[in-house]
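Engineer: task: produce atomic coordinates for the following.
(one chain, ligands or ions: 1)
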Amino acid sequence: MSGAPYSADVIVVGAGLSGLCAALSAHEAGKSVIIIERANIEERGGNTRFSNGAMRAVYSGVEDIAALVGEIGEAERNRADFGDYTREQYFDDLARVTQYRTHPQMADLLVDRSRETMLWLRSQGVRFLPLYEWQFKLPDGRIKFSGGSAVECYGAGEGISAALFAACERKNIPVHYQTRVMSLIADAQGVHGVSAHQNSADVTYTGDAIILACGGFEANAEMRTRYLGPSWDLARVRGSRFNTGDGLRMALDIGAMPYGHWSGCHASSWDFNAPEVNELAYGTVFKRDDYLAGIVLNADGERFFDEGADIRSLTYAKLGRAILAQPSQIAWQIFDAKGSAQLHGEYRVRQSARFQAATLEELLGKLDGINRSKALATVAAYNNAIQSDVVYDPGRKDGRGTRGLTVPKSNWALAIDEGPFEAYAVTCGITFTFGGLRINSSGQVLDADSREIPGLFAAGEMVGGLFYFNYPGGAGLMSAAVFGRVAGQGAAA
Ligand SMILES: Cc1cc2nc3c(=O)[nH]c(=O)nc-3n(C[C@H](O)[C@H](O)[C@H](O)COP(=O)(O)OP(=O)(O)OC[C@H]3O[C@@H](n4cnc5c(N)ncnc54)[C@H](O)[C@@H]3O)c2cc1C
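Structural biologist: Numbers count the residues shown, from 1 in each chain. All right, here's what the predicted structure looks like:
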């Protein structure tokens with residue numbers, strides 16, 4: 001059965017942050033726009049809605065933060081040292097964590113347009129708050145911003161999604177829900193539309209420009225295994241069940257160039273009790289990112305990751321891959337009383353795979369499958385290797401590491417020696433995939449011969465070339481917004 005054909009100047013596929021920014025930008029440029037979304041209205045919002053809402057943008061001092069959050073009162077100014085995050089720092093962080101593979105011009109675009117895009121998001125109704133979590137804690141109780149993600153969206157992912165859907169409604173930009181785009185309508189002249197399934201009907205959409213903003217392949221076990229490698233079918237999905245690589249597949253089918261780290265992804269430490277694919281009702285309760293406060297052991301009773309290599313936002317996105325490589329894809333975060341006191345609220349939820357005991361021996365006895373004698377020896381060796389002459393300081397990278405261990409802990413090393421003890425069973429949670437399409441500086445997709453494909457644009461997770469191996473926290477939403485706007489403006493032009 002075929003439904004009526006739809007038509008607009010610009011057709012946007014996917015209603016996450018990149019799609020909504022693309023649609024609003026094309027509309028700002030005077031174009032008619034239709035957004036097509038696979039989910040129903042209740043489940044709309046993609047990974048964006050699941051996110052924590054942290055955003056990484058360039059800023060210079062407290063006044064730049066105040067311009068985003070509205071106002072920062074005297075008490076707050078006294079409580080925090082907001083510092084700066086220069087374009088050079090942003091670029092350096094991105095280059096360093098991606099092992100100097102990030103595409104320099106794309107990185108420049110992300111960095112240079114980050115601040116203006118944050119102000120634009122605010123003008124669209126998104127509200128921001130200073131992000132006090134995950135910053136350095138000074139001895140006098142003040143907070144020192146560690147650089148990078150200095151603000152979060154009010155209401156986290158839910159908040160940014162709701163604000164932008166409301167902006168689309170105000171502008172009468174239609175969103176067609178429960179419509180899954182299946183293929184591109186293309187010929188030698190370029191792309192002219194898309195074919196989709198809407199309920200049980202086949203529908204077509206035609207437009208001068210098509211913007212693919214429909215996510216990576218993180219929720220597709222077959223594609224994960226094909227591109228990321230063995231065992232990735234066993235990863236738990238942290239976000240939307242709808243990002244199954246449709247957009248990437250249909251673009252490759254018409255000759256688009258695959259680009260970036262196709263065997264790489266963002267994956268972090270995720271509670272072992274989490275479901276195979278996350279649900280909106282859970283949100284981020286399975287996040288287990290406080291590994292800095294303890295150590296992480298595998299089933300062989302060994303450490304396998306430098307828990308204190310750097311601040312959390314520069315290491316957490318590669319921990320998932322390290323856990324997936326361990327026997328049975330399981331690890332345990334181990335904390336003593338000092339570490340437990342630092343854990344965030346999500347560790348305390350009912351669903352948590354938590355174990356507690358008065359002694360370490362008793363705790364290890366509760367962890368099914370762990371080599372207990374080896375684990376005890378690992379904790380003892382770790383405790384003995386700590387450079388205890390260096391002062392522990394959560395207000396900076398303190399250099400209080402271990403000496404002589406094959407796997408060091410480079411900062412914030414505290415002995416695991418004070419009961420009660422806690423363990424949290426974790427596995428790999430995949431967030432989004434890094435492989436994508438090659439775009440030019442207007443968001444237009446290139447073909448395998450590096451020629452622009454007339455009428456085809458891409459944004460968000462679908463863009464390849466920015467992230468490799470790892471990722472600086474807060475850059476996912478920022479790149480979705482920046483490249484969403486770029487694509488919307490490019491498509492309108
Ligand atoms: C748990 C979690 C926490 C996160 N926290 C942060 C954070 O704090 N800061 C940060 O920067 N990043 C964070 N991220 C990453 C961030 O959410 C993503 O990088 C960003 O939201 C991607 O936006 P997008 O528009 O590309 O994709 P999405 O928001 O996923 O949107 C893609 C949309 O396309 C739709 N779609 C898919 N296939 C089709 C099809 N065939 N037809 C029609 N529609 C389709 C999907 O339903 C979806 O709505 C987090 C992600 C998760 C999962």
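Engineer: run a quick neighbour tally on whichever residue of the stretch 251-400 of the chain sits closest to the ligand.
Structural biologist: Evaluated by C-beta to the nearest ligand atom, the stretch 251-400 of the chain has residue 284 as its residue closest to the ligand, separated by 5.1 Å. In short, each C-beta sits where N, CA and C put it, glycine included. By other C-beta atoms under 10 Å, 18 other residues sit near residue 284.
Engineer: same thing with residue 63?
Structural biologist: A total of 10 residues lie near residue 63 under the criterion other C-beta under 10 Å.
Engineer: same check, this time on the one 10 residues further on
Structural biologist: Using other C-beta under 10 Å, residue 73 has 9 neighbouring residues.
Engineer: do the same with residue 60
Structural biologist: Residue 60 sits with 14 neighbouring residues when counted by other C-beta under 10 Å.
Engineer: OK, contacts around the nearest residue to it once chain neighbours are set aside?
Structural biologist: In this structure, residue 60 finds its nearest non-sequential neighbour in residue 84, 5.1 Å apart by C-beta to C-beta, 6 or more residues apart in numbering. By C-beta atoms under 8 Å, 6 or more residues apart in numbering, the contact set of residue 84 is 59, 60, 61, 147.
Engineer: return the residues in contact with the last one.
Structural biologist: Applying C-beta under 8 Å, 6+ apart to residue 147 gives the contacts 83, 84, 85, 89, 93.
Engineer: now it, what are its backbone angles?
Structural biologist: Per-residue torsions, residue 147: phi 90, psi 140 (degrees, to the nearest 10).
Engineer: cool, and the third one?
Structural biologist: Note on residue 61: backbone dihedrals following degrees, to the nearest 10 are phi 80, psi 180.
Engineer: do you know the pLDDT at it?
Structural biologist: Looking at residue 61, its pLDDT reads 93.
Engineer: look up how far the ligand lies from it.
Structural biologist: According to C-beta to the nearest ligand atom, to the nearest Å, residue 61 stands 22 Å off from the ligand.
Engineer: separation between that residue and residue 67?
Structural biologist: For residue 61, the distance to residue 67 (C-beta to C-beta, to the nearest Å) stands at 10 Å.
Engineer: how about the strands in the stretch 351-493 of the chain?
Structural biologist: Along the stretch 351-493 of the chain, counting by DSSP state E, counting those that start in this stretch, strands occupy 354-357, 421-433, 436-437, 444-446, 452-458.
Engineer: any chance of JSON lines for these, columns mean pLDDT and distance to residue 218?
Structural biologist: Formatted as JSON lines, the strands of the stretch 351-493 of the chain follow (pLDDT from 0 to 100; distance: least, C-beta to C-beta, whole Å):
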{"stretch": "strand 354-357", "mean pLDDT": "98", "distance to residue 218": "26"}
{"stretch": "strand 421-433", "mean pLDDT": "98", "distance to residue 218": "5"}
{"stretch": "strand 436-437", "mean pLDDT": "98", "distance to residue 218": "12"}
{"stretch": "strand 444-446", "mean pLDDT": "98", "distance to residue 218": "20"}
{"stretch": "strand 452-458", "mean pLDDT": "98", "distance to residue 218": "16"}
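Engineer: contacts for the lowest-mean-pLDDT helix or strand in the chain?
Structural biologist: Least confident element among the helices and strands of the chain, by mean pLDDT, DSSP states H and E: strand 136-137 (a mean of 90). Outside strand 136-137, the residues that touch it by C-beta under 8 Å, 6+ apart are 143, 144, 145, 146, 394, 395, 396.
Engineer: try it again with 10 Å
Structural biologist: For strand 136-137, contacts defined as C-beta atoms under 10 Å, 6 or more residues apart in numbering pick out 81, 83, 142-147, 311, 342, 393-398.
Engineer: thinking again about what came up before, who has more neighbours out of residue 61 and residue 67?
Structural biologist: Between residue 61 and residue 67, counted using other C-beta under 10 Å, the more crowded position is residue 67 (16 against 11).
Engineer: now that one: phi and psi?
Structural biologist: The phi/psi pair for residue 67 (degrees, to the nearest 10) is phi -60, psi -20.
Engineer: and it, what is it in contact with?
Structural biologist: Counting by C-beta under 10 Å, 6+ apart, residue 67 has contacts 59, 115, 118, 119, 122, 128.
Engineer: repeat the analysis, applying 7 Å as the threshold.
Structural biologist: Listed by C-beta atoms under 7 Å, 6 or more residues apart in numbering, the contact set of residue 67 reads residue 119.
Engineer: now it: how far from the ligand?
Structural biologist: Distance from residue 67 to the ligand, by C-beta to the nearest ligand atom: 20 Å.
Engineer: try residue 415
Structural biologist: Between residue 415 and the ligand the computed distance is 32 Å (C-beta to the nearest ligand atom).
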